[in-house]
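Student: need a 3D model of the sequence below.
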Amino acid sequence: MSRLGVLLLSLLWLSLAQAQPALQASIDRTRVEAGETLELTLESQDVTLFGKPDLSALEGDFEVRGTRQLNSLHTLDGETRASTRWIITLLPKRSGSLRIPELQLGQSRSQGIELQVLQPDANRPESASQVFIEAALDNTEVYVQAQAVLTLRIYHSVSLYDDSSLSPLQLEGAKVEPLGESRTYEKEINGVRHGVIETRYAVYPLQSGSLDIPPLTFTATAADSSPPTPGTSRVGRQVQVSSLPLHLRVRAIPDAWPANLPWLPARSLSLEERWNPDPGNQTTQIGDSLTRSITLRAEGLSSTQLPPLPATEARGLRRYPDQPVLRNEISDRGMTANREEREALVPTHSGNLQLPALEVTWWNTREDHLEHSSLPARSLNVEDNPALSADTPVGAANSGSTLLWPWQLATLVLALGNLLGFTLWWRARSRPAVLRAAQSGPSPRTLLDDLKRACQANDPHATRQALDAWARQQPQTLAEMAARFVPLSDALDGLNGALYSEGGQNWHGDELWRAIGTIPPAEQELAPTAESGNLPPLYPK
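Tutor: Reported below is the predicted structural model:
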């Protein structure tokens with residue numbers, strides 16, 4: 001048995017090691033032209049790994065131009081971790097689909113990565129200049145507010161000083177977003193090695209028609225290739241090159257787009273839903289707080305272009321939304337927008353609660369047609385909570401309202417009110433002015449004082465406990481009192497919002513205390529005035 005246990009532990013360790021590789025591989029670009037270099041990064045957070053990765057597997061399709069190692073410390077969730085990165089400069093030896101193979105360091109292996117190497121652009125001018133610039137658009141025709149990626153590449157076969165600058169891209173009638181920082185690599189042109197400085201922009205035209213992109217100017221100081229004169233320092237020469245102007249045709253919103261919806265052109269769009277806790281994995285009761293997160297992700301748009309998502313409207317649910325979280329991701333294709341909306345949902349009724357389907361309409365710019373992305377409808381099975389005064393189940397409330405006509409219901413309420421008033425009057429005649437009853441627990445005055453102190457302290461949790469204790473000694477439940485007195489219902493909504501959302505620290509209890517003190521006295525069971533004087537008020541201010 002001991003030998004079997006050792007074998008099982010060894011298999012478990014091996015499976016964990018394979019599920020979490022200690023050597024992670026990534027590249028700065030997945031598409032390059034023949035003759036361009038790229039950077040492969042290998043990263044490990046295993047402090048037991050020493051030495052350098054074995055790069056012999058790269059020799060078939062790549063030329064290793066250089067390797068450098070970086071060690072760093074970073075803190076995550078209060079825990080300090082060490083990491084080691086190896087940055088390897090590679091030059092593909094051929095065009096087509098290449099694969100960076102798995103690389104090994106000790107017992108750890110990295111994952112393979114697919115790479116596309118394109119043929120060089122045949123239309124590029126064979127410039128004999130030591131410094132030149134080219135500009136290109138990924139599309140020459142886009143829809144209004146859709147993304148066009150502008151790429152600028154500065155080639156230099158001589159060394160440049162660090163005083164280089166590029167004129168800003170300013171366009172009238174278009175929004176411009178930089179796509180990350182400039183990146184550098186190398187490229188061979190006609191057997192001459194050139195350094196490349198690449199800068200990319202996302203351009204969003206704001207009106208249809210034609211958009212002119214003016215020339216951009218690059219200014220730098222190039223190092224003089226001639227040997228310096230003895231006794232003098234090396235000097236440089238000023239160079240200035242400009243790109244060619246470009247023209248972008250902007251199409252108007254198509255007629256097939258619904259006129260009542262915000263225009264949303266994207267290459268792709270998706271919706272994702274997450275719950276915490278997941279109502280499908282555990283029981284949900286009245287008063288529980290469920291956090292629903294919905295993420296809208298659109299490729300080819302900026303996060304500021306994404307519209308708000310439709311609000312969750314469902315009978316029997318209180319909704320407390322948070323501020324949306326906007327972020328942009330940058331890739332080889334340009335910008336991808338993300339909009340995450342979170343909301344706390346608190347059930348107020350038991351039964352089967354239905355959440356409607358959520359749908360977003362958008363225009364697919366890649367296939368040029370209208371599309372709809374949606375999340376399906378969802379049902380929540382909510383059970384009664386013994387700790388709270390549960391409302392009537394949704395199904396029972398609906399069935400009762402459909403069986404009684406409005407005039408029958410009004411007549412019944414009026415008759416019951418008259419009967420209750422006569423009964424109270426008759427009982428009051430046969431009782432003394434002051435009725436002293438033995439109390440088995442705290443007196444109503446004590447409970448009311450506790451509730452007042454909790455409200456004045458602006459403590460939502462203490463207020464909820466004191467409110468439940470006070471309500472248990474009332475002739476009606478808390479839900480019944482709130483149903484017939486609107487200020488109390490509004491104050492309870494504010495208390496629930498403080499209990500189940502992130503803004504609870506800003507709750508003030510004066511509104512709830514005023515509502516308790518102004519409940520109509522007709523719904524109270526008041527004792528008649530004693531001969532010795534008036535009774536103190538039931539709800540002191």
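
Student: hang on, A482 in a helix?
Tutor: Yes - membership of A482 in a helix is supported by DSSP: H, G, I helix; E, B strand; the rest coil.

Student: tell me how far it lies from L512.
Tutor: Computed with C-beta to C-beta, to the nearest Å, the distance linking A482 and L512 is 11 Å. Using the backbone N, CA and C atoms, a C-beta is placed for each residue, glycine as well.

Student: for the closest residue to Y500 other than its chain neighbours, what are its contacts?
Tutor: Excluding the flanking residues, the one nearest Y500 by C-beta to C-beta, 6 or more residues apart in numbering is S289, at 4.2 Å. Listed by C-beta atoms under 8 Å, 6 or more residues apart in numbering, the contact set of S289 reads A344, L345, V346, Y500.

Student: neighbour-wise, which of the residues you listed leads?
Tutor: Within the contacts of S289, neighbour counts (other C-beta atoms under 10 Å) peak at L345, which reaches 23 neighbours.

Student: the residue nearest to it when sequence neighbours are not counted: what's it in contact with?
Tutor: What sits nearest to L345 in space, not counting adjacent residues and going by C-beta to C-beta, 6+ apart, is L290, at 4.7 Å. If you count contacts by C-beta under 8 Å, 6+ apart, L290 has them with W275, N276, P277, P279, T284, A344, L345, V346, P347, L380.

Student: any of these buried? List them.
Tutor: P279, T284, A344, L345, V346, P347, L380 (16 or more other C-beta atoms under 10 Å).

Student: so which of these comes closest to A469?
Tutor: Closest approach to A469 among these (C-beta to C-beta): V346, at 21.3 Å.

Student: isn't that closest one up against G287?
Tutor: Yes - the pair V346 and G287 qualifies as a contact (C-beta atoms under 8 Å) at a distance of 6.6 Å.

Student: and H461, what pLDDT?
Tutor: We have a pLDDT of 84 for H461.

Student: CA atoms only: put the host helix or strand of it into PDB for me.
Tutor: Using DSSP states H and E, H461 falls within helix 460-471. Output of helix 460-471 as PDB, limited to C-alpha atoms (Å, rounded to 0.1, in the frame of the first residue of the first chain):
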ATOM      1  CA  PRO A 460     -27.700  50.100   9.100                       C
ATOM      2  CA  HIS A 461     -27.000  46.600  10.700                       C
ATOM      3  CA  ALA A 462     -27.900  47.700  14.300                       C
ATOM      4  CA  THR A 463     -31.000  49.500  12.900                       C
ATOM      5  CA  ARG A 464     -32.200  46.400  11.000                       C
ATOM      6  CA  GLN A 465     -31.900  44.300  14.200                       C
ATOM      7  CA  ALA A 466     -33.700  46.900  16.300                       C
ATOM      8  CA  LEU A 467     -36.400  47.300  13.600                       C
ATOM      9  CA  ASP A 468     -37.100  43.500  13.500                       C
ATOM     10  CA  ALA A 469     -37.400  43.300  17.300                       C
ATOM     11  CA  TRP A 470     -39.800  46.300  17.400                       C
ATOM     12  CA  ALA A 471     -41.900  44.900  14.500                       C
END
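
Student: contacts for it?
Tutor: So helix 460-471 is contacted by 388-389, 442, 444, 447-448, 450-451, 453-455, 477-478, 481, 495, 498-499, 504, 507, 509, 512 (C-beta under 8 Å, 6+ apart).

Student: show me which residues of that helix are buried.
Tutor: For helix 460-471, by 16+ other C-beta under 10 Å, it's P460, A462, T463, R464, A466, L467, A469, W470, A471.

Student: gap between it and the chain center?
Tutor: Relative to the chain's own centre, helix 460-471 is displaced by 35 Å; criterion: C-alpha atoms, centre = their mean, to the nearest Å.

Student: next, count neighbours for R267.
Tutor: Counted with other C-beta under 10 Å, R267 comes out at 17.

Student: which residues touch it?
Tutor: Q147, E299, G300, R333, N364, T365, R366.

Student: repeat that with 6 Å
Tutor: Counting by C-beta atoms under 6 Å, 6 or more residues apart in numbering, R267 makes contact with E299, G300, T365, R366.

Student: re the thing from before, which of the contacts of L290 fall in helices?
Tutor: Per DSSP state H, helices hold no members of those.

Student: over to G509: give its phi and psi.
Tutor: phi -90, psi 0 (degrees, to the nearest 10).

Student: err, S56, not the other one
Tutor: phi -70, psi -30.

Student: what number of residues lie near it?
Tutor: S56: 11 surrounding residues under other C-beta under 10 Å.

Student: can you read off the pLDDT for it?
Tutor: 89.

Student: A25 versus that one, what's the distance?
Tutor: Counting by C-beta to C-beta, the gap from S56 to A25 is 16 Å.

Student: per-domain residue ranges of this protein.
Tutor: Here the domain assignment for the chain is 20-118, 131-225+234-251, 265-383, 406-427+441-523, based on automatic domain parsing.

Student: can you put these in CSV and add distance to A259?
Tutor: Converted to CSV, the domains of the chain look like this (distance: least, C-beta to C-beta, whole Å):
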stretch, distance to A259
domain 20-118, 39
domain 131-225+234-251, 15
domain 265-383, 12
domain 406-427+441-523, 36
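
Student: so which of the ones you listed is nearest P258?
Tutor: Short answer: domain 265-383, nearest of the domains of the chain by C-beta to C-beta, at 6.6 Å.

Student: that closest one: how far from the chain's middle?
Tutor: Using C-alpha atoms, centre = their mean, the offset of domain 265-383 from its chain centre is 10 Å.

Student: stretch 136-147 too?
Tutor: 27 Å.

Student: who's in contact with that stretch?
Tutor: Against stretch 136-147 from outside (C-beta under 6 Å, 6+ apart): 148-151, 202, 204-205, 208, 246, 249-251, 265, 300, 334, 365.

Student: widest-spaced pair of the residues you listed?
Tutor: Between any two of these, the greatest separation by C-beta to C-beta is 23.6 Å, found for T151 and S208.

Student: circling back: so A482 and L512 - more neighbours on which side?
Tutor: When A482 and L512 are compared for neighbours, L512 comes out ahead with 23 against 20, by other C-beta under 10 Å.

Student: let's have the contacts of R267 in CSV, adding secondary structure and distance to K52.
Tutor: Putting those into CSV (DSSP: H, G, I helix; E, B strand; the rest coil; distance: C-beta to C-beta, whole Å) gives the following:
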residue, secondary structure, distance to K52
E299, strand, 38
G300, coil, 40
T365, coil, 45
R366, coil, 43
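
Student: top of those by neighbour count?
Tutor: G300 (25 neighbours).

Student: if any of the contacts of stretch 136-147 are buried, put those into a PyMOL selection.
Tutor: Buried members of the contacts of stretch 136-147, identified by 16+ other C-beta under 10 Å, are gathered into one PyMOL selection as follows:
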select buried, resi 148+149+150+202+204+205+246+250+251+265+300+334+365
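
Student: excluding its backbone neighbours, what's nearest L58?
Tutor: Nearest one to L58, counting by C-beta to C-beta, 6+ apart, is V64 at 6.1 Å.

Student: please apply the same query to P214.
Tutor: According to C-beta to C-beta, 6+ apart, the nearest residue to P214 is P245 (5.8 Å).

Student: so M335: helix, strand or coil?
Tutor: Secondary structure of M335, reduced to three states by three-state DSSP: strand.

Student: run through the bridge partners of it.
Tutor: Taking DSSP bridges as the rule, M335 bridges to I330.

Student: ok, it - contacts?
Tutor: Contacts for M335 (C-beta under 6 Å, 6+ apart) come out as A202, S302, N328.

Student: which of the residues you listed fall within strands?
Tutor: A202, N328 (DSSP state E).
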